[in-house]
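A.B. asks: Sharing a model that was predicted from the sequence below.
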Amino acid sequence: MDLLSGLNSAQREAVLHGEGPVLVLAGAGSGKTRVITCRIVHLVQSRTAFPEHIYAVTFTNKAAEEMKARVQSVLPGEGRSGPWVSTFHSLCVRILRLHAGLLGYTRDFTIFDTDDQMRLVKACLKDLDMPEGLFTPRKALSMISLAKNSGEERKTTQAYSGGRLEGEALARIRNEYERRLRLSNAMDFDDLLCKSLELLQENESVRLSYQNRVRQLLVDEYQDTNMLQHRLMQLLVGEPWNICAVGDEDQSIYSFRGARIGNILSFEKDFPGARILKLEQNYRSTGHILEAASAVVSKNLQRRGKVLWTENKPGELLHCFSCSSGSEEAQRVARKLTDLRAQHPRWSFAVLYRTNFQSRYFEEELRRLRIPFRLVGALSFYARAEVKDLLAYLRFLRNPDDSLALERIINTPSRGIGEQTIEKMKSHANREKQSFWLSLQAFAEDFELGGRTHKRLKEFAGMMKGLREEMESIPLSLLIRRVAECSGYRQMLQEEKTPEAQSRLGNIEELAAAAQEWEAQGFSAAEFLDRASLSSDTDSFDERCQVTLMTLHAAKGLEFDAVFLAGMEEGLFPHMQSLNQTAMEEEERRLCYVGMTRARKQLFLSWALYRRTFSSGGEGQEMNVPSRFLKEIPDHLVRRDGRPAAGFREQPWDDGDSASAPRRSAVPFAGKTYNSKASVAQFLEGLAEKQALHKAESYSAHSARDGNLAPGMRVRHPQFGTGRIVTAEKQGEDVKLTVQFDLYGRKKLLQSFSKLTRV
């Protein structure tokens with residue numbers, strides 16, 4: 001077999017690289033997995049290194065197994081003595097099983113999974129008698145994990161907390177958590193990295209033995225490494241740094257997990273003498289898709305820069321359509337999927353979205369049209385824990401005899417009502433042949449229970465009675481929000497301050513939005529609950545089906561013939577948390593690039609003028625503006641419902657295939673009416689500016705008094721030309737200005753160095 005046949009010149013160069021460090025910048029669809037496996041085979045066949053001295057690491061078991069299978073297909077005789085291909089954590093387990101005694105563990109130490117960790121943290125919180133409401137187990141575990149993965153160990157525990165009291169409490173929780181792990185001769189998932197790094201840093205003989213053993217190290221997806229993994233790779237190879245790192249800074253999208261884009265951007269500094277190679281030929285996407293994706297990601301500053309190209313045909317232009325609502329968006333996507341499946345029965349399709357709550361409309365519409373689909377990376381909307389919890393509250397409020405619902409909610413979120421108390425109440429209910437609810441009320445009036453337990457039961461019973469009194473006089477959607485508020489569920493998630501918690505908050509608001517739509521059609525609360533129960537059915541899931549629903553983060557590494565990117569709106573994608581934060585905005589842009597480059601043949605982009613989101617507080621609907629990422633795609637690459645795009649600034653409406661007749665004729669908003677002939681784009685742009693001005697109002701007033709630059713002012717820059725200041729934020733003694741330039745887009749500048757003048 002000719003190993004190099006079929007490789008392009010850049011791929012061959014990466015495969016044949018000799019001694020010393022090399023960074024292979026592999027653009028999307030450029031064949032990086034083939035390069036890694038071919039390089040492993042070349043190292044063996046050229047006798048550059050013995051097979052057992054070659055180590056390759058990646059992030060997922062699936063990727064490791066695929067890589068291992070490819071290598072073994074070419075080197076079938078190597079067996080167990082062949083190259084070591086694994087995930088980072090599997091490599092660490094191998095190291096720790098051999099040397100655990102040096103760290104005070106036995107070789108048969110236990111690895112605690114997420115459920116084990118959660119139970120251990122719960123026990124710590126209970127036994128330490130933490131102040132009520134200070135920490136949820138999930139929040140405590142998340143903060144401990146962040147502290148471990150920061151690479152600075154215990155010093156950082158307080159850095160991730162909200163204040164001195166919280167920091168001191170977290171330190172106590174972590175100390176107790178670590179003590180119990182050690183007593184159990186156990187490590188958690190984070191410990192596998194931490195303890196391996198500790199072992200190599202503090203034991204020179206072990207470190208040198210691995211540097212003698214690992215003669216060639218290959219690392220996949222280097223842009224996703226965190227500080228611990230980066231340092232671990234340095235210690236494993238040592239000089240002369242025989243490491244081949246393969247990655248793409250434009251696909252670095254996991255900072256919330258601790259990934260550091262700086263690891264790939266500063267590779268030459270950390271591995272002196274490194275050679276940089278670029279894989280820029282794309283084999284996956286059509287020319288138009290590739291050009292559009294490259295145009296978007298080129299706006300980022302944190303990148304090395306690649307010029308992707310392809311020999312594939314230009315293909316169809318990107319299809320973009322706006323909708324009146326999230327519901328209409330799902331309807332149009334489903335109709336288009338029906339047509340495409342009929343035209344291309346062998347194609348694969350994906351609907352990608354920024355956050356999980358967006359899946360509900362698509363799930364319901366695909367079920368209605370009987371289009372089989374698979375939901376990846378999340379449970380079906382009505383099967384998610386927070387949705388089931390809120391539905392359990394509603395079930396109980398409508399039917400107090402529903403003991404299963406009461407059991408689910410009585411300590412959700414945690415109220416300090418212990419299992420022993422619950423069991424006593426259930427036993428009492430069985431003896432008296434009454435419902436669990438009647439038994440609970442009896443216990444709530446029993447002063448002999450003890451002050452704390454009695455108080456908690458009485459508060460819970462009073463809350464539920466109050467909600468039952470309200471339920472007949474308020475809409476179901478408002479009742480859902482009231483339950484989330486009164487029960488403490490919303491507060492619990494807000495205090496966690498994690499991306500997962502934000503997504504769960506979004507699901508709660510989406511449940512309220514679903515109830516509001518159901519009510520608008522004249523259906524009752526009981527009918528809504530019946531519908532929700534039936535919708536949790538998993539009959540629509542089929543591993544073999546053509547259509548996949550998933551988040552953009554979950555789609556990384558996959559590819560499909562046609563891709564729909566839904567919810568392309570400011571505040572949703574890019575996410576509201578990234579706005580006015582350059583690093584986070586750039587990661588959102590990279591996420592958009594990842595989504596676009598999943599498509600092989602066709603790419604559809606959609607946004608909704610109105611969409612309910614949890615940021616709206618549940619009152620009505622927000623009017624959206626198209627995502628800045630849509631505006632960054634050159635107009636000549638986009639078609640709107642069968643015609644060339646006129647540009648998002650000039651015409652954000654569809655007049656073609658749309659089910660929203662009211663939108664084409666008249667759109668009421670803020671007491672006015674707009675139609676398709678009106679300059680709606682100017683209105684939307686003005687709306688965005690007004691929102692930005694409102695956020696910066698206090699600063700603007702202060703700046704105006706002092707004669708400084710302020711939001712709303714037209715300015716000129718010697719390089720970027722004219723533009724308008726969008727926001728101004730204090731940054732130390734200086735001010736950070738966000739300016740929307742007419743020709744160069746949005747830039748962030750420090751006022752003292754900006755050289756801006758008023759126009």
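C.D. replies: Thanks, I have it. Residues are numbered from 1 along each chain as shown.

A.B. asks: Burial check on residue 637, number of neighbours?
C.D. replies: For residue 637, the number of neighbouring residues by other C-beta atoms under 10 Å comes to 21. (C-beta placed from N, C-alpha, C; glycine too.)

A.B. asks: Verify the contact between it and residue 319 for me.
C.D. replies: No. Using C-beta atoms under 8 Å, residue 637 is not in contact with residue 319; the gap is 10.8 Å.

A.B. asks: where do the strands sit along the stretch 1-150 of the chain?
C.D. replies: 22-26, 54-58, 84-87, 110-112 (DSSP state E, counting those that start in this stretch).

A.B. asks: among these, which is nearest residue 583?
C.D. replies: With C-beta to C-beta, the closest approach to residue 583 among the strands of the stretch 1-150 of the chain belongs to strand 22-26: 19.9 Å.

A.B. asks: Other residues contacting the closest one?
C.D. replies: Strand 22-26 has contacts (C-beta atoms under 8 Å, 6 or more residues apart in numbering) with 14, 32, 35, 222, 243-249, 264, 267-268, 271, 274-279, 304, 306.

A.B. asks: In helices, which of those residues appear?
C.D. replies: Applying DSSP state H to those, the entries found in helices are 14, 32, 35, 264, 267-268.

A.B. asks: Filter these down to just the buried residues.
C.D. replies: 14, 32, 35, 264, 267 (16 or more other C-beta atoms under 10 Å).

A.B. asks: partner residues bridging the nearest residue to the last one once chain neighbours are set aside?
C.D. replies: Closest residue to residue 267 apart from its sequence neighbours, by C-beta to C-beta, 6 or more residues apart in numbering: residue 23 at 4.6 Å. Beta bridges link residue 23 to residue 245, residue 276 when assigned by DSSP bridges.

A.B. asks: Now do residue 23 against residue 88, distance only.
C.D. replies: When C-beta to C-beta, to the nearest Å is the yardstick, residue 23 and residue 88 sit 18 Å from each other.

A.B. asks: can you check residue 21 too?
C.D. replies: Residue 21 is 18 Å from residue 88, by C-beta to C-beta.

A.B. asks: Now do the strands in the stretch 551-700 of the chain.
C.D. replies: Under DSSP E, counting those that start in this stretch, the stretch 551-700 of the chain gives strands at 560-565, 599-608, 610-611, 622-623, 638-640, 643-644, 667-669, 672-674.

A.B. asks: Tell me which other helices or strands the longest one touches.
C.D. replies: Using 3 or more C-beta pairs under 8 Å, 6 or more residues apart in numbering; DSSP states H and E as the contact test, the elements touching strand 599-608 are helix 287-297, strand 318-323, helix 326-343, strand 560-565.

A.B. asks: That strand versus strand 318-323: what angle between them?
C.D. replies: Inter-element angle recorded for strand 599-608 and strand 318-323: 20 degrees (by axes from the mean of the first three to the mean of the last three C-alpha atoms, to 10 degrees).

A.B. asks: Next, the angle from strand 599-608 to helix 326-343.
C.D. replies: Angle of strand 599-608 versus helix 326-343, following the same axes, to 10 degrees, is 150 degrees.

A.B. asks: Describe which strands strand 599-608 pairs with in its sheet and in which direction.
C.D. replies: Here, using DSSP bridges, strand 599-608 pairs with strand 318-323 (parallel), strand 560-565 (parallel).

A.B. asks: Off-centre distance for the first one?
C.D. replies: A distance of 24 Å separates the centroid of the chain from that of strand 318-323, by C-alpha atoms, centre = their mean, to the nearest Å.

A.B. asks: Show me the strands in the stretch 401-550 of the chain, by range?
C.D. replies: 547-551.

A.B. asks: remind me which residues of it are low pLDDT?
C.D. replies: 447-450, 530-531, 533-544 (pLDDT under 70).

A.B. asks: If you tally nearby residues, what's the number for residue 431?
C.D. replies: Other residues lying near residue 431 total 9 when counted by other C-beta under 10 Å.

A.B. asks: List the contacts of it.
C.D. replies: Residue 431 touches nothing, counting by C-beta under 8 Å, 6+ apart.

A.B. asks: repeat for residue 582
C.D. replies: When contacts are counted by C-beta under 8 Å, 6+ apart, residue 582 touches 301, 748.

A.B. asks: Return the per-residue confidence for it.
C.D. replies: Note for residue 582: predicted pLDDT of 85.

A.B. asks: Tell me, what's the model's pLDDT at residue 165?
C.D. replies: 63.

A.B. asks: and if you look at residue 328?
C.D. replies: 93.

A.B. asks: Verify the contact between it and residue 608 for me.
C.D. replies: Yes. At 7.2 Å, residue 328 counts as touching residue 608 under the criterion of C-beta under 8 Å.

A.B. asks: neighbour count winner among these two?
C.D. replies: Legend: neighbour count by other C-beta under 10 Å for residue 328 and residue 608, higher for residue 608 (27 against 22).

A.B. asks: if I pick the more buried one, what's in contact with it?
C.D. replies: By C-beta under 8 Å, 6+ apart, residue 608 lies in contact with 322-326, 328-329, 567, 569, 624.

A.B. asks: at 6 Å what do you get?
C.D. replies: Residue 608 is in contact with 323, 325-326, 329, counting by C-beta atoms under 6 Å, 6 or more residues apart in numbering.

A.B. asks: Tell me which of the strands paired with strand 599-608 sits nearest to residue 373.
C.D. replies: strand 560-565 (12.1 Å).

A.B. asks: Residues contacting the closest one, please?
C.D. replies: Contacts of strand 560-565 (C-beta under 6 Å, 6+ apart): 333, 340, 347-352, 595, 598-605.

A.B. asks: Leaving out chain neighbours, which residue sits closest to the residue nearest the centre of the chain?
C.D. replies: Closest to where the C-alpha atoms of the chain average out (C-alpha atoms, centre = their mean) is residue 553, at 5.4 Å. Distances taken as C-beta to C-beta, 6+ apart place residue 253 nearest to residue 553, at 6.2 Å, with adjacent residues excluded.

A.B. asks: Read off the pLDDT value for that neighbour.
C.D. replies: For residue 253, the model assigns a pLDDT of 95.

A.B. asks: Quick check: which element contains it?
C.D. replies: Following DSSP states H and E, one finds residue 253 outside all helices and strands.
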